[in-house]
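quick one, what's the 3D model for this:
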Amino acid sequence: MMNGCFNCGLYHADKVIDRDGPYAICPECGHKHSFLQLPLLIVAGASGVGKSTVGQQLAGRVREAIVLEADILWRAEFNKPEDKYREFFETWLRMCKNISQSGRPVVLLCAGGIPENVEGCVERRYFSAVHYLALTSRDGDLADRLRKRPSWRNCDDEAFIEAQVRFNRGLKEAGSQTELAIELLDTTGVGIEETVERVASWIGERIVINH
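Next up, the predicted model:
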């Protein structure tokens, strides 16, 4: 919807963004249109850390935002770590940009939703800010959760488990580097109700800041 020019009809994701409007300006004909430039909130974390469970409970509790699970659009052709999964994240940012025109920001639960995968995307410019929260766990607890998952989820492969543990570890290290702006929430020993409450509070605080 927003990437097509309402004047010349040409498609451009790379419209010039004038934050004073805010306006999106067509690089072909110069036509500008106003839009809602809302924040995007991303909840990241390794498989098994509890994102889907938290998201399911947030959906009926957080009414000031739209809660979405990134996995619903995942396809094998998006699995390109060499370019930081660029097509996958451009697709999701484009989706979130259009949804937010309804007046409510999006909370996206996305395993790899970290600055290095998101900030370089063309569609990133349409958001007033992107806030990152990473759910983490102790390595051993995370591995145990994955091994206990139902067999149909195919999470008991040791190579997969080790990869998730490494990612979990990397998130904790990144969270200690304040310039990356990843906030951490350790779910180890924390019940799901309390975890959901903490995430809901984080969402509410970020939305208030940006309105």
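
from here on, just use CA atoms for contacts and neighbour counts.
Will do.

partners of the residue positioned nearest the centre of the chain in the sheet?
Most central in the chain under C-alpha atoms, centre = their mean is Ile42, positioned 3.1 Å from the mean C-alpha point. With DSSP bridges applied, the residues forming beta bridges to Ile42 are Leu108, Tyr132.

now do the contacts for it.
Residues in contact with Ile42, defined by C-alpha atoms under 8 Å, 6 or more residues apart in numbering, are Val107, Leu108, Leu109, Cys110, Gly113, Ile114, Val130, His131, Tyr132, Leu133.

tell me which element the fifth one is part of?
Right, the one you point to is Gly113. Assigned by DSSP states H and E, Gly113 belongs to no helix or strand.

quick check: neighbours of the helix or strand where Ala24 lies in the sheet, parallel or antiparallel?
Assigned by DSSP H and E, Ala24 belongs to strand 23-25. Partners of strand 23-25 in the sheet, by DSSP bridges, are strand 16-18 (antiparallel), strand 32-34 (antiparallel).

so which residues of the chain form helices?
Remark: helices assigned in the chain by DSSP state H are 51-58, 86-99, 115-118, 139-147, 158-175, 192-209.

next, format those helices as CSV and append mean neighbour count, distance to Ile182 and mean pLDDT.
Formatted as CSV, the entries for those read as follows, by neighbours: other C-alpha atoms under 10 Å; distance: least, C-alpha to C-alpha, whole Å; pLDDT from 0 to 100:
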stretch, mean neighbour count, distance to Ile182, mean pLDDT
helix 51-58, 18, 16, 92
helix 86-99, 19, 17, 98
helix 115-118, 16, 8, 95
helix 139-147, 17, 19, 91
helix 158-175, 17, 5, 90
helix 192-209, 15, 12, 90
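
please name whichever of the ones you listed is nearest to Ala70.
helix 86-99 (7.5 Å; C-alpha to C-alpha).

which secondary structure elements does that closest one contact?
In terms of contact count using 3 or more C-alpha pairs under 8 Å, 6 or more residues apart in numbering; DSSP states H and E, helix 86-99 is assigned the packing partners helix 115-118.

try it again with 10 Å
Taking 3 or more C-alpha pairs under 10 Å, 6 or more residues apart in numbering; DSSP states H and E as the contact definition, the neighbouring helices and strands of helix 86-99 are strand 40-44, strand 66-69, strand 106-109, helix 115-118.
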